[in-house]
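1. Take this sequence and fold it.
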Amino acid sequence: MNEPGIVTLNTENIGGEHICCAISDKKCANGVQLKKEWLQQRFQEGLRFKKLDVRQKVFIEYIPAEYAWCPVEAPGYIFINCFWVAGSYKGKGYGKKLLKECLEESGATNGAIAVTSRTKRPYLSDKSFFTYNGFEVCDQAPPYFELVVRKFKEDAPTPKFKQSVHEQKTDVAKGFQVLYTAQCPYTDHYVGELADCARERSIPVETRRIESAGEAQSAPTPYTSYSLFYNGHFITHEILTRSKFEKNIDGWIEKYGLPGAE
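-> From the prediction side, this is the model:
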């Protein structure tokens, strides 16, 4: 049986290709379209989206760091936006194959970077995979984010998170705030569910979609695809279903006070 090849998305073929995430989730159809529009705009900035030629979540997405939708200082580096190998395709070398293509295309730069976490968490690439492939931690940000780098030039500047993610200051002090982008096709639907749930409980909520790399690069979180805050405190980067959000509301109120409590 022949091994599946790698497909590179571009402005010509994206209309007829799936983008891996939310393939079978009909609730996220609008989010998929928004993601495709987001990709179309990013292609001209050097974004690359490579996927295994299968109908599953096996892909890597990366872009020059100066255009990254993440608050990092990494001149001359490639930023890995998203890297996912799902289910039965794990452990077969496909992740290593996709990463190899990324690194080979990044060869004329200072290196490549990615956002991970101290321990394995949903929606973040596994740090152990990167470290196994020559990356090392170069910076950390609260509460659990880590930046990993693989340098191609010894004298290249060491990448770091911008100060905004260390301060984690938001401009909404009462109730919930969700910062998100169209980069992830799941956000459009589940942000709407969260907002409905908060309003049903009369808890203030603001949802704000980040619309530019400049805005993302000054965000109070490294994970601009989706980050939830409550009373100004970072809660999670994990995209929450309605049931999971409802399950945790009382715990957040107990920890951080009623909406707007000082």
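
2. low-scoring pLDDT stretches of the chain, where are they?
-> For the chain, the stretches with pLDDT under 70 are 1, 22-24, 260-262.

3. Okay, strands next: where are they in it?
-> 6-8, 48-52, 58-64, 72-73, 77-85, 111-117, 136-141, 145-151, 160-161, 176-180, 205-209, 226-230, 233-236 (DSSP state E).

4. Turn those strands into JSON lines, including distance to K255 and mean neighbour count.
-> C-beta: built from backbone N, CA, C; applies to glycine. Formatted as JSON lines, the strands of the chain follow (distance: least, C-beta to C-beta, whole Å; neighbours: other C-beta atoms under 10 Å):
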{"stretch": "strand 6-8", "distance to K255": "45", "mean neighbour count": "15"}
{"stretch": "strand 48-52", "distance to K255": "38", "mean neighbour count": "21"}
{"stretch": "strand 58-64", "distance to K255": "34", "mean neighbour count": "24"}
{"stretch": "strand 72-73", "distance to K255": "29", "mean neighbour count": "20"}
{"stretch": "strand 77-85", "distance to K255": "30", "mean neighbour count": "23"}
{"stretch": "strand 111-117", "distance to K255": "20", "mean neighbour count": "25"}
{"stretch": "strand 136-141", "distance to K255": "20", "mean neighbour count": "18"}
{"stretch": "strand 145-151", "distance to K255": "20", "mean neighbour count": "22"}
{"stretch": "strand 160-161", "distance to K255": "25", "mean neighbour count": "20"}
{"stretch": "strand 176-180", "distance to K255": "14", "mean neighbour count": "24"}
{"stretch": "strand 205-209", "distance to K255": "18", "mean neighbour count": "16"}
{"stretch": "strand 226-230", "distance to K255": "9", "mean neighbour count": "24"}
{"stretch": "strand 233-236", "distance to K255": "8", "mean neighbour count": "19"}
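
5. Distance to V32 added to those strands, as JSON lines?
-> Formatted as JSON lines, the strands of the chain follow (distance: least, C-beta to C-beta, whole Å):
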{"stretch": "strand 6-8", "distance to V32": "17"}
{"stretch": "strand 48-52", "distance to V32": "13"}
{"stretch": "strand 58-64", "distance to V32": "14"}
{"stretch": "strand 72-73", "distance to V32": "27"}
{"stretch": "strand 77-85", "distance to V32": "14"}
{"stretch": "strand 111-117", "distance to V32": "23"}
{"stretch": "strand 136-141", "distance to V32": "30"}
{"stretch": "strand 145-151", "distance to V32": "27"}
{"stretch": "strand 160-161", "distance to V32": "30"}
{"stretch": "strand 176-180", "distance to V32": "15"}
{"stretch": "strand 205-209", "distance to V32": "16"}
{"stretch": "strand 226-230", "distance to V32": "16"}
{"stretch": "strand 233-236", "distance to V32": "23"}
